[in-house]
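# Let's see this in three dimensions:
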Amino acid sequence: MSVVDAQATDSKIQLTVKVDKPSSCLRHVVVTIPRVEIDRYFRKTFDEIAPRADLPGFRAGKVPRKLLESRFRQTAQDQVKSSLVMDSLQQITEGGEFSAISEPDMDYGAVEIPATGDFTYEFKIEVRPEFESPNWKGLDITKTEFELTDEEVETQLTRTLERVTQGEACDGEARIGDRLVVTIKFSHDGRQVSTIEEQLVTLRQKLSLADSFIEDFGAQLVGAKEGDVRTTKVKVLDTSLNESYRGVEVDAEVKIIEIRRVNPEGLSQSVLESLGFDTPEELKNFVREELQRQCEYHQNQLIREQVTSKLTEGADWELPQALVRRQADRELHRRVLELRRSGFTDDQIRSVINNVRRNIESETQVALRQHFVLEKIAEDLSIEPTEAEYDAEIELIAQQGDLTVRQVRTKLERGGQMDALRNQILERRVIEQIVAEAKVSSIKGGSILKAEPDEYAIEFLVAPVSQVLPEAKYDEKPEDGSQDKTVKPS
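Residues are numbered from 1 along each chain as shown. Predicted coordinates:
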């Protein structure tokens with residue numbers, strides 16, 4: 001516990017602050033403001049009311065002081081309460097006693113200014129933990145160097161075409177890698193729970209959903225034809241946001257509406273132009289640049305993991321659950337922005353985000369500890385993102401999403417994601433500074449291209465709830481160019 005007395009000046013309030021520390025990231029604060037300050041604020045408030053006071057029998061601004069104070073006491077009381085609380089909170093949070101990371105949690109309605117004596121109120125507030133900056137200079141870091149081959153570019157070209165074109169409708173039996181338009185109905189004890197209507201998916205061994213898997217998706221649909229219906233069981237994960245369905249097994253009925261297949265060798269000029277390219281070579285160069293950005297992302301992630309692992313040794317601060325739950329949303333947004341600016345596809349992003357969701361609390365706790373350490377170093381180095389850096393990030397995201405810079409900035413601002421963008425830039429700059437002063441050795445990395453995934457991810461809750469975590473998708477355009485694709489909870 002600590003007690004801070006502050007003397008009044010022309011701009012500050014005389015007050016006493018008692019701070020208790022229930023945990024590393026939480027402070028319980030009791031503020032006491034002496035009567036002399038309350039009276040000063042009342043005088044100031046009545047001075048402001050007097051020129052505007054309008055009572056029968058008196059000219060504006062000529063109401064006697066005692067009558068003014070009597071008739072406008074409640075108005076002044078509310079105004080003084082608001083001003084004292086707001087001014088004292090600002091003074092406390094700017095005073096350096098702690099570094100707040102949330103708004104104060106207080107019952108404002110229960111706060112009252114007494115008729116006599118001092119004014120006391122209390123609140124709880126989440127703060128950054130207090131710790132000494134770790135020794136970050138001279139770390140031993142291994143940098144993984146990735147080299148792209150022509151074969152990798154060709155493989156990625158094929159996958160890109162499969163991603164950005166719907167393919168052509170074909171007869172015959174479905175096989176792994178085909179694009180299927182499916183409708184899936186989920187039910188439990190004969191009652192419909194939710195429905196995915198005419199969703200375009202890539203046929204993999206497993207279909208990943210936000211709160212479950214269809215484990216035998218491939219086994220059920222390989223060899224099926226248009227119009228066929230397959231039934232299976234799906235178990236809702238124990239981490240589902242819908243508590244009543246946690247661990248419950250539901251029935252899934254999958255109907256194939258259409259089978260589509262991509263032919264990379266038969267790409268027509270019209271398809272090229274629809275993708276925004278004049279020649280196959282332009283498309284190939286685009287794919288190469290996209291792969292290069294992904295190489296840089298993997299390289300940076302491996303470096304980040306090494307740096308943050310070394311810097312957060314012993315950083316086992318207790319984090320309030322409310323803080324972790326609230327920050328989980330921001331962590332998802334940060335991951336999406338980071339992946340999108342590095343050129344990853346919506347399919348890849350959804351797969352990553354679905355995996356993060358299933359371990360969201362533990363992932364967020366790790367991310368918070370890393371951020372606290374990196375932000376502390378950023379303060380030591382006076383690092384703060386510039387407007388030019390914000391503009392560069394937004395422009396890169398716009399390019400990846402085929403949107404305008406204005407559209408991206410508006411989406412980020414309206415979605416409250418500018419803080420996530422700030423953290424992304426700040427953390428990257430800090431790590432760059434750490435690496436610049438580290439002992440760096442290089443090793444050759446393998447291919448960043450993974451084997452064809454055994455699962456396909458879509459953003460859908462089998463057991464829907466009214467409030468869900470943010471979508472992994474960034475823009476509003478249908479994935480893979482599909483036009484009539486909707487996902488509806490029943």
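
# Angles on the backbone of residue 453, please.
Phi and psi for residue 453, reported as degrees, to the nearest 10, are phi -60, psi 150.

# need the contact list for it.
Residue 453 is in contact with 204, 351, counting by Cβ atoms under 8 Å, 6 or more residues apart in numbering. Placement of C-beta: from N, CA and C, glycine included.

# Please identify which helix or strand holds residue 330.
Using DSSP states H and E, the element containing residue 330 is helix 321-341.

# Run through the residues that contact the nearest residue to residue 245 once chain neighbours are set aside.
Using Cβ to Cβ, 6 or more residues apart in numbering and skipping residues adjacent in sequence, the residue nearest residue 245 is residue 463, 3.6 Å away. By Cβ under 8 Å, 6+ apart, residue 463 lies in contact with 193-194, 211, 236, 240-242, 244-245, 248, 250.

# Least confident of those?
pLDDT across these is lowest for residue 241, at 84.

# Help me confirm that that residue is found in a strand?
No - read with DSSP: H, G, I helix; E, B strand; the rest coil, residue 241 is coil and lies in no strand.

# how about the nearest residue to it, chain neighbours excluded?
Nearest residue to residue 241 in three dimensions, chain neighbours excluded: residue 465, at 4.8 Å (Cβ to Cβ, 6+ apart).

# Tell me the spacing between that neighbour and residue 121.
Distance of residue 465 to residue 121, given as Cβ to Cβ, to the nearest Å: 36 Å.

# in whichever helix in the chain runs longest, what's buried?
In the chain, taking DSSP state H as the definition, the longest helix is helix 280-311. By neighbour count, with 16 or more other Cβ atoms under 10 Å as the criterion, the buried positions of helix 280-311 are 283-284, 286-287, 290-291, 294-295, 297, 299-300, 302-304, 306-308, 310-311.

# Can you list the low-confidence ranges for the stretch 1-150 of the chain?
Across the stretch 1-150 of the chain, the ranges flagged by pLDDT under 70 are 1-11, 59, 61.

# how about the helices in it?
Using DSSP state H, counting those that start in this stretch, the helices of the stretch 1-150 of the chain run over 35-49, 65-71, 73-93, 150-164.

# could you dump those to a markdown table with distance to residue 402 and mean neighbour count?
Below are the helices of the stretch 1-150 of the chain laid out as a markdown table (distance: least, Cβ to Cβ, whole Å; neighbours: other Cβ atoms under 10 Å):
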| stretch | distance to residue 402 | mean neighbour count |
| --- | --- | --- |
| helix 35-49 | 54 | 15 |
| helix 65-71 | 63 | 13 |
| helix 73-93 | 42 | 16 |
| helix 150-164 | 10 | 17 |
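
# okay if I get these as CSV plus distance to residue 399?
CSV is the format used below for these (distance: least, Cβ to Cβ, whole Å):
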stretch, distance to residue 399
helix 35-49, 53
helix 65-71, 63
helix 73-93, 39
helix 150-164, 15
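
# And the next helix or strand past the helix or strand harbouring residue 411?
Using DSSP H and E, residue 411 falls within helix 405-414. Next helix or strand after helix 405-414 toward the C-terminus (DSSP H and E): helix 418-436.

# which of the residues in that following helix are buried?
For helix 418-436, burial by neighbour count (16+ other Cβ under 10 Å) applies to 420-431, 433-435.

# okay, now residue 99: neighbour count?
Other residues near residue 99 come to 14 when the count uses other Cβ atoms under 10 Å.

# picking that back up, residue 465 and residue 121 - which one has more neighbours?
Neighbour count, other Cβ under 10 Å: between residue 465 and residue 121, residue 121 has more, with 22 against 14.

# what pLDDT does the residue most central in space within the chain get?
Central residue check for the chain by Cα atoms, centre = their mean: the C-alpha nearest the mean position is that of residue 333, 2.3 Å away. We have a pLDDT of 77 for residue 333.

# Same check on the one 4 residues further on?
According to the predicted model, the pLDDT of residue 337 comes to 80.

# And the residue in the chain sticking out farthest from the centre, how close does it get to residue 64?
Among residues of the chain, the one most distant from the C-alpha centroid is residue 57; the distance is 60.4 Å, by Cα atoms, centre = their mean. Counting by Cβ to Cβ, the gap from residue 57 to residue 64 is 11 Å.

# Then residue 230?
On the measure of Cβ to Cβ, residue 230 and residue 64 end up 87 Å apart.

# When the two are compared, which one has more neighbours?
More crowded of residue 230 and residue 64, by other Cβ under 10 Å: residue 230, with 18 against 10.

# Which residue is the nearest non-sequential neighbour of the more buried one?
Nearest non-adjacent residue to residue 230, counting by Cβ to Cβ, 6+ apart: residue 220, 4.3 Å away.

# ditto for residue 49
Closest residue to residue 49 apart from its sequence neighbours, by Cβ to Cβ, 6+ apart: residue 72 at 5.4 Å.

# residues near the one you found, how many?
Neighbourhood size, residue 72 [other Cβ under 10 Å]: 19.

# So it is in contact with residue 53, correct?
Yes - Residue 72 is in contact with residue 53 according to Cβ atoms under 8 Å; the separation is 6.7 Å.

# Mind splitting this structure into its structural domains?
With domains defined by automatic domain parsing, the chain comprises 2-126, 140-146+269-444, 168-261+458-464+476-488.

# and the helix or strand encompassing residue 201 with helix 150-164, angle?
Using DSSP H and E, residue 201 sits in strand 191-202. Per axes from the mean of the first three to the mean of the last three Cα atoms, to 10 degrees, the angle that strand 191-202 makes with helix 150-164 is 140 degrees.

# centre of the chain versus strand 191-202, how much separation?
26 Å (Cα atoms, centre = their mean, to the nearest Å).

# Tell me the buried residues in that strand?
193-196, 198-202.

# Can you report how many residues neighbour residue 266?
Around residue 266 there are 8 other residues, counting by other Cβ under 10 Å.

# any idea how far it is from residue 452?
Here the criterion is Cβ to Cβ. By it, residue 266 lies 21 Å from residue 452.

# What segments of the stretch 351-490 of the chain are strands?
Ranges of strands within the stretch 351-490 of the chain are 439-444, 455-457, 486-488, based on DSSP state E, counting those that start in this stretch.

# Going by contacts, tell me the helices and strands next to the first one.
When contacts are defined as 3 or more Cβ pairs under 8 Å, 6 or more residues apart in numbering; DSSP states H and E, strand 439-444 sits against strand 140-145.

# surely residue 46 meets residue 66?
No - counting by Cβ under 8 Å, residue 46 does not reach residue 66; the two are 10.5 Å apart.

# still on that earlier bit, just checking, the residue nearest to the centre of the chain touches residue 420?
Yes - the criterion here is Cβ under 8 Å, and residue 333 meets it with residue 420 at 4.3 Å.
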